[in-house]
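Colleague: sequence unavailable; structure follows:
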């Protein structure tokens, strides 16, 4: 062996003797620490990869979440889950169908009393005394009204009324009155009424008023019995303030005569008013007293009382 090679071995041996190689426990602890570091590094690398994949997916894939609307922008309503089918005409949802009550055939709707408006009053079948008006205190003369079987309308050229066949019941009375400005008991009356109330079958009362208007128009004049000789009577319709549901007012005029049958130069005027309230017609025929004439204001006032009494009766 050469001298240079021997010097090299000695140098390596001296360097190895100078280094502390450590005991086996120290070497094992260092090896375990390096192994834990390698496992932790691998775990961190896997986690970083997973986070990267998740972030990349959100960036690349289309966003399915709803983007918040800007401030002030209304959010569209969510579609209904199970709304009823819209109607053909307006797009509004059809209401739910109620079950059919027992005993009612399909297609028959129950109707409440107020569903089609206020219930129509029933046609009465009898006329009580309270259906007739009472004279105002200033018109009473101490003679009580008397119920009689009287003609309710004057003759108008022999007119006939087909509505008579629709009568259910009729009551008539005679009423004696005085004018307010005249004295009371013991004074000669100023007039009388033939006052009637008639019930007609449903829907037929207005026929009487139509026929009465026609009868007056068709009979503008006719001869009527006078005290000593016939006199010419003239009839005409008058414009009337509405009473009840409808009314007809007409007058009859004829020359007045004295007890000897001679003309007095004045005219005798009679007023007749027919008023319908539903299926009921009440008529006031003013016939005067000893050649007195009808006073329109008095007939109007008593007509209003007659309508009020009938309405209270019918309820």
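Modeller: Yep, it's here. Quick caveat, the model's predicted, so the values are computed rather than measured. Residues are numbered from 1 along each chain as shown.
Colleague: does the nearest residue to residue 270 once chain neighbours are set aside count as helix, strand or coil?
Modeller: Spatially, and ignoring its direct neighbours in sequence, residue 270 is nearest to residue 252 (4.6 Å; CB to CB, 6 or more residues apart in numbering). The way it works is simple: take the backbone N, C-alpha and C, and place the C-beta from them, glycine included. Of the three states, residue 252 takes strand under DSSP: H, G, I helix; E, B strand; the rest coil.
Colleague: now the strands for the stretch 201-315 of the chain?
Modeller: Counting by DSSP state E, counting those that start in this stretch, the stretch 201-315 of the chain has strands at residues 221-224, 231-238, 246-257, 263-277, 280-286.
Colleague: and those: which comes nearest residue 166?
Modeller: The closest of the strands of the stretch 201-315 of the chain to residue 166 is strand 280-286. By CB to CB, the value is 10.7 Å.
Colleague: what angle sits between that closest one and strand 263-277?
Modeller: 170 degrees (axes from the mean of the first three to the mean of the last three CA atoms, to 10 degrees).
Colleague: now the angle from strand 280-286 to strand 246-257?
Modeller: Going by the same axes, to 10 degrees, strand 280-286 makes 20 degrees with strand 246-257.
Colleague: how about residues contacting strand 280-286?
Modeller: When contacts are defined by CB atoms under 8 Å, 6 or more residues apart in numbering, strand 280-286 is touched by residues 124, 152-154, 191-200, 205, 208-209, 244, 270-275, 294, 298-299, 302-303, 306-307, 310, 314.
Colleague: which of those residues fall within helices?
Modeller: Taking DSSP state H, the ones among the contacts of strand 280-286 that sit in helices are 205, 208, 209, 298, 299, 302, 303, 306, 307, 310, 314.
Colleague: and which of these is nearest residue 225?
Modeller: In terms of CB to CB, no member of the ones in helices among the contacts of strand 280-286 lies closer to residue 225 than residue 299, at 23.7 Å.
Colleague: what about the chain, any weak spots by pLDDT?
Modeller: Across the chain, the ranges flagged by pLDDT under 70 are 1-121, 227.
Colleague: what number of residues are in the vicinity of residue 122?
Modeller: 11 (other CB atoms under 10 Å).
Colleague: residues touching residue 299, list them.
Modeller: By CB under 8 Å, 6+ apart, the residues touching residue 299 are 271, 273, 284, 286.
Colleague: of those, which is the most crowded?
Modeller: residue 286 (27 neighbours).
Colleague: which residue is the nearest non-sequential neighbour of that one?
Modeller: residue 294 (4.2 Å).
Colleague: surely the one you found touches residue 270?
Modeller: Yes. Residue 294 is in contact with residue 270 according to CB atoms under 8 Å; the separation is 5.6 Å.
Colleague: what touches both of these two?
Modeller: The contact lists of residue 294 and residue 270 share 251, 286, 288, where a contact means CB under 8 Å, 6+ apart.
Colleague: burial count for the closest residue to the last one other than its chain neighbours?
Modeller: In this structure, residue 288 finds its nearest non-sequential neighbour in residue 191, 5.3 Å apart by CB to CB, 6+ apart. Around residue 191 there are 24 other residues, counting by other CB under 10 Å.
Colleague: now the one 3 residues further on
Modeller: Neighbour count for residue 194, taken as other CB under 10 Å: 20.
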